[in-house]
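> Got a sequence here, can you build the structure:
(one chain, ligands or ions: 1)
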Amino acid sequence: MSQRIDALLHQRLILPSEDTTPSGGRPATAFSFHREARIVLAADLGVTHARIAASDLGGAVLAERAADLRIDRGPVPTLSWVLDTFRELLAECGRPLSDVCGVGVGLPGPVDHASGTAVSPPIMPGWDGFPVPGWLGERLGVPVLVDNDVNIMTLGEHWAVHPEVEHLIFVKVGTGIGCGIIAGRRLHRGARGAAGDIGHIRIPTIDQVQCRCGYVGCLEAVAGGAALAARLRDAGLDVADGRDVVRLTKEGNSLAIRLVRQGGREVGSALASIVNFFNPTLIVIGGDLVEAGDHLLAGVREMVYGRSLPLATQSLGIRASELGDRAGVTGAAVMVIERILDPETVDRSFTT
Ligand SMILES: [Zn+2]
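Next comes the predicted model:
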């Protein structure tokens, strides 16, 4: 016990606390968690936009930046921008680089979490196998953890909003579609990090639609933001991406509303099988498209409650993400904080 406390004190992760409660016996020393001891840098890189944040060890965001940034520019230009922005945020917080304890990065494609590299991402030319942790780590001198964007959003939402929930599914409906799984309060990544990739589940009724992954009939090819935008363009509307779909929905465009609701139904019918299989307590829907109001959630609810087994839906909640576009950076920071405060990491720092 005292070795552990020494290790934590040595790293300034805890501080002796003023408020000691008299115990009647030997005077007790109290300690409190020193959340300002270190800075965590987080980057949530999407297909077309990015959010960067600096936070403390309690996950509170101290400074952040959002920007339109295309991931298909390739890894070096993208990560150079991330690096410059990290430095700007540190300057804004008035903290030196030596206070940074780690970096968390989310990428919009399949990621091998152990090595921190993207694996054959369909829309990220140049990123396949690129050593993100090595590249950033060399320049910042701290550990860099990488995961896919949906997993970090799931971690963020669970940690900040639903820490008491044992089994949770987080579904991101953005340009693409994916989901993250919390099982027994821990993120379940699967054998190689591919767990939850529901965007490429095959929907038999839409066999003719080509998906960016190379196959046909994927869920994302019919219900993702890019797919809905393409359908609206076909109808002669000026729409570039999922965010334009949201804008049209908010303006009351009836075709946009109908498409978003139908998209919700397609997502819901895929989720109905997952609910039967996994029996979550809560489904949280996030991503750009959830900004389209209740239309998406209504479609999801209709199919999940209509098609899942009664026992699985008895106490099942379906809600919109509360963190919204901050879920990613929050989760990227949490991923790092959980590693830094892990008992094994603390012990290791003490013995070396
Ligand atoms: Zn696909």
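> Leaving out chain neighbours, which residue sits closest to the residue nearest the centre of the chain?
For the chain, the residue sitting closest to the mean C-alpha position, by CA atoms, centre = their mean, is Met153 at 2.0 Å. Among residues not flanking Met153 along the chain, Ala327 sits closest, at 4.1 Å (CB to CB, 6 or more residues apart in numbering). All C-beta atoms are positioned from the backbone trio N, CA, C, and that covers glycine.
> and the gap between that neighbour and Pro16?
Noted for Ala327: a distance of 35 Å to Pro16, by CB to CB, to the nearest Å.
> just to revisit the earlier point, ok now do the residue nearest to the centre of the chain, which residues does it touch?
By CB atoms under 8 Å, 6 or more residues apart in numbering, the residues touching Met153 are 44, 106, 170, 172, 180, 286-287, 321, 323, 327-328, 331.
> and the closest residue to the ion within the stretch 1-150 of the chain, what are its phi and psi?
Nearest residue of the stretch 1-150 of the chain to the ion: Pro122, at 7.7 Å (CB to the ion). Dihedral pair for Pro122: phi -70, psi -30, per degrees, to the nearest 10.
> neighbours around the residue in the stretch 251-352 of the chain positioned nearest to the ion, how many?
Proximity of the stretch 251-352 of the chain to the ion (CB to the ion) peaks at Ala270, 12.3 Å away. When counting by other CB atoms under 10 Å, one arrives at 22 neighbours for Ala270.
> do the same with Gly58
Gly58, neighbours per other CB under 10 Å, totals 12.
> And the one 4 residues further on, by the same measure?
For Leu62, the tally of surrounding residues (other CB under 10 Å) stands at 17.
> before we move on, the earlier item: mind giving me the packing neighbours of the helix or strand the residue nearest to Met153 falls within?
In the assignment (DSSP states H and E), Ala327 maps to helix 327-340. Under the contact definition 3 or more CB pairs under 8 Å, 6 or more residues apart in numbering; DSSP states H and E, helix 327-340 sits against strand 39-45, strand 49-55, strand 61-68, strand 100-107, strand 144-148, helix 149-160.
> list the helices and strands the very next helix or strand once past the third one packs on?
Translated: strand 61-68. Downstream of strand 61-68, the next assigned helix or strand under DSSP H and E is helix 75-93. Applying 3+ CB pairs under 8 Å, 6+ apart, one finds that helix 75-93 makes contact with strand 39-45, strand 49-55, strand 61-68, strand 100-107, helix 132-140.
> any chance of the ones you listed in a markdown table, with distance to Asp342 and mean pLDDT too?
What follows is the helices and strands packed on helix 75-93, written out as a markdown table (distance: least, CB to CB, whole Å; pLDDT from 0 to 100):
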| stretch | distance to Asp342 | mean pLDDT |
| --- | --- | --- |
| strand 39-45 | 14 | 97 |
| strand 49-55 | 18 | 96 |
| strand 61-68 | 22 | 95 |
| strand 100-107 | 11 | 96 |
| helix 132-140 | 17 | 97 |
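> would you list every one of the strands in the stretch 201-350 of the chain?
282-286, 317-320 (DSSP state E, counting those that start in this stretch).
> what's the most buried one of the ones you listed?
Mean neighbour count (mean count of other CB atoms under 10 Å) peaks for strand 282-286 among the strands of the stretch 201-350 of the chain, with a mean of 25.
> quick one: contacts of it?
Counting by CB under 8 Å, 6+ apart, 153, 157, 161-162, 165, 167-173, 271, 275, 296-297, 300, 304, 316-321, 323-324, 327 sit against strand 282-286.
> quick one, that strand and helix 327-340 angle?
120 degrees (axes from the mean of the first three to the mean of the last three CA atoms, to 10 degrees).
> Listing partners with orientation, what would you give for strand 282-286?
strand 168-173 (parallel), strand 317-320 (parallel) (DSSP bridges).
> For the longest one, give me every contacting residue.
Put plainly, it is strand 168-173. 149-150, 153-154, 157-158, 162, 177-182, 196, 198, 223-225, 263, 267, 271, 274-275, 278, 280-290, 296, 300, 321, 327.
> Any of these buried? List them.
Taking 16 or more other CB atoms under 10 Å as the criterion, what is buried in those is 149-150, 153-154, 157-158, 162, 177-182, 196, 198, 223-225, 263, 267, 271, 274-275, 280, 282-290, 296, 300, 321, 327.
> Give the buried residues for stretch 112-123.
So stretch 112-123, judged by 16+ other CB under 10 Å, has buried residues 112-113, 116-119, 121, 123.
> Adding distance to Cys93, write these out as TSV.
Below are the buried residues of stretch 112-123 laid out as TSV (distance: CB to CB, whole Å):
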residue	distance to Cys93
Asp112	32
His113	28
Gly116	25
Thr117	29
Ala118	29
Val119	34
Pro121	32
Ile123	33
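> Mind putting those into TSV with secondary structure and pLDDT?
Formatted as TSV, the buried residues of stretch 112-123 follow (DSSP: H, G, I helix; E, B strand; the rest coil; pLDDT from 0 to 100):
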residue	secondary structure	pLDDT
Asp112	strand	93
His113	coil	90
Gly116	coil	92
Thr117	strand	94
Ala118	strand	93
Val119	coil	91
Pro121	coil	85
Ile123	coil	79
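> Grab the nearest non-local neighbour of Arg139.
Leu83 (5.9 Å).
> From what I see, that neighbour and Leu140 are in contact.
Yes. Assessed by CB atoms under 8 Å, Leu83 is found in contact with Leu140 at 7.5 Å.
> residue in the stretch 51-200 of the chain nearest to the ion?
Closest point on the stretch 51-200 of the chain to the ion, by CB to the ion, is His200, at 3.7 Å.
> now the least confident helix or strand in the chain by mean pLDDT against strand 100-107, angle please.
Least confident helix or strand of the chain, by mean pLDDT, DSSP states H and E, is helix 343-351 with a mean of 74. Counting by the same axes, to 10 degrees, helix 343-351 lies at 140 degrees to strand 100-107.
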